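Novice: sequence first, predicted model second:
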Amino acid sequence: MSKIRYAHILIVDNDPMRTQGILQLIKGISYVDGVTVCTGTEVYAEAGRTTPDIALLGPSPLPDEDRIAFTRLSTLAEGGRFVTFGSSTRSRVTPHSMAAGLSGFLPSGATPGDFERALASVLAGFTYFPRTVTEELSRYRRQFPELSPREQEVLDELADGMSNHQIGRSLGIKEVTVKMYVTRILAKLRVESRLQACLKARGLCSAT
């Protein structure tokens, strides 16, 4: 893993006791050189003031819907990343939120070692999610009302990394027909390549 740089952490939670526990836990990590604490309603102001490397987001509500909040926080924190903690925050882990800057999730019961590994991974440019969460995310597929049922099927196969030949065999249609569907899909989704269509299907590319 890449060398870990020193980092400033912002803890965002409305529960003083839980916040104190997290504070004591991460203050003992050698590469954490500063910690700021705030509530959910104060998060925008504190992110702009402290520009944290990582914001640890507890179960407390954020000022806006998660994806909007993460996008705004990323701008205020000048590219800082986010890790959410507490099992009740599992619903925040979506491809949309990840595209907006969410880089990790720690469920209730996470150990001090889990927190240290998560922070180290995120600071090094990686993500940190339990295996069950990554498996769920890998199966995620967006549904597009502008596509016909068959076009949606082709897009789902495309998002799994299949070639036109493989898609044709899977769906029982000719490869030339698959090419026709792919062309239609790119036009309807307003993207220029198969890769962009794949990312959009996985929720990793914002809709236009």
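Specialist: Thanks, I have the structure now.
Novice: which strands and helices sit next to the helix of greatest length in the chain?
Specialist: Identified as the longest helix of the chain according to DSSP state H is helix 175-189. Packing contacts for helix 175-189, counted by 3 or more C-beta pairs under 8 Å, 6 or more residues apart in numbering; DSSP states H and E, involve helix 149-159, helix 164-171, helix 194-201. From N, CA and C alone the C-beta is placed, and that goes for glycine too.
Novice: tell me the mean pLDDT over it?
Specialist: The average of the pLDDT scores along helix 175-189 is 95.
Novice: cool, and stretch 99-112?
Specialist: 87.
Novice: ends of that stretch, what's the gap?
Specialist: 27 Å (C-alpha to C-alpha, to the nearest Å).
Novice: now that stretch, how far from the chain's geometric center?
Specialist: 10 Å (C-alpha atoms, centre = their mean, to the nearest Å).
Novice: contacts for it next, please.
Specialist: 25, 28, 54, 66-67, 70-71, 73-74, 80-90, 92-93, 114-115, 118, 121-122, 126-130, 133, 203-206 (C-beta atoms under 8 Å, 6 or more residues apart in numbering).
Novice: where does the chain have its least confident helix or strand?
Specialist: helix 95-99 (a mean of 76; mean pLDDT, DSSP states H and E).
Novice: can you give me the first-to-last residue distance of stretch 167-181?
Specialist: Note: stretch 167-181 ends 11 Å apart using C-alpha to C-alpha.
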